[in-house]
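> Kindly return the folded structure for what I paste below:
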Amino acid sequence: MPDDGEAGCILLDVRIPGMSGPELQRRLNELESTLPIVFLTGHADTATTVQAIKAGAEDFLTKPIASEQLIEAITRAVARHELVRDQRTRLDSLRALLAKLTPRERQVFDLIVCGRINKQIAHELGTTERTIKAHRHQVMEKMQVQSLAELVSIAERLGARASGGEVKA
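Got it, this is the predicted structure:
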């Protein structure tokens, strides 16, 4: 049930046959569906609205509603879903590149994004600066970046830790 790569949106009522809309939302969340949910109901109350929004609903609309307003809400939800899906795909690609680094290249990567220079990395890892330059070149190549700024940006997107710079991937 999690989305198959297509952008979309689920339009859901609070009251549906068989189960409540919030219950279906909870089940979709358990299935890790990334499709945004827009609630449209004639049976809104504050508690249900708050519960749905806290559970990740994109919007909560009350009937009667103008068709333009409904279309706008769905359009926003689909656009956000496309953006999130594209970001997730890019992060998955970056994680795959990071996973291709050897353990030593990974150490060098972590130290580079921490701000260490080649000489410091060589000292810390007990090797020569020339060896570190070779590892650094391999890291840049495998991560498909041209600059240190790009490498640091990738580390940030992957969640570099402030203490030590080690990326959790």
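
> how near is the nearest residue to Pro64 once chain neighbours are set aside to Arg27?
Using CB to CB, 6 or more residues apart in numbering and skipping residues adjacent in sequence, the residue nearest Pro64 is Gly42, 7.9 Å away. Bear in mind the C-beta positions are built from the backbone N, C-alpha and C, glycine included. Shown here: Gly42 relative to Arg27, a distance of 23 Å by CB to CB, to the nearest Å.

> again with His135
Counting by CB to CB, the gap between His135 and Arg27 amounts to 47 Å.

> Give me the more crowded residue out of those two.
For His135 versus Arg27, neighbours defined as other CB atoms under 10 Å are more numerous around His135 (25 against 12).

> can you dump the C-alpha coordinates of the strand or helix carrying that one into CSV?
When secondary structure is defined by DSSP states H and E, His135 falls within helix 129-142. Backbone C-alpha positions of helix 129-142 (Å, rounded to 0.1, in the frame of the first residue of the first chain) are rendered in CSV as follows:
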residue,chain,number,x,y,z
GLU,A,129,49.2,12.8,4.1
ARG,A,130,49.7,11.4,0.6
THR,A,131,47.5,8.3,1.5
ILE,A,132,44.8,10.6,2.9
LYS,A,133,44.8,12.6,-0.4
ALA,A,134,44.3,9.4,-2.3
HIS,A,135,41.4,8.4,0.0
ARG,A,136,39.9,11.9,-0.2
HIS,A,137,40.1,11.7,-4.0
GLN,A,138,38.3,8.3,-3.9
VAL,A,139,35.6,9.7,-1.5
MET,A,140,35.0,12.6,-3.8
GLU,A,141,34.7,10.4,-6.8
LYS,A,142,32.5,7.8,-5.2
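
> How far off centre is that helix?
28 Å (CA atoms, centre = their mean, to the nearest Å).

> dump the residue contacts of the nearest residue to Gln138 once chain neighbours are set aside.
On the basis of CB to CB, 6+ apart, the spatially nearest residue to Gln138 that is not a chain neighbour turns out to be Glu105, at 5.5 Å. With contacts taken as CB atoms under 8 Å, 6 or more residues apart in numbering, Glu105 has the following neighbours: 135, 138-139, 142.

> Buried ones from these, can you make that a PyMOL selection?
In PyMOL, this line selects whichever of the contacts of Glu105 come out buried by 16 or more other CB atoms under 10 Å:
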select buried, resi 135+138+139+142
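
> No further questions, thank you.
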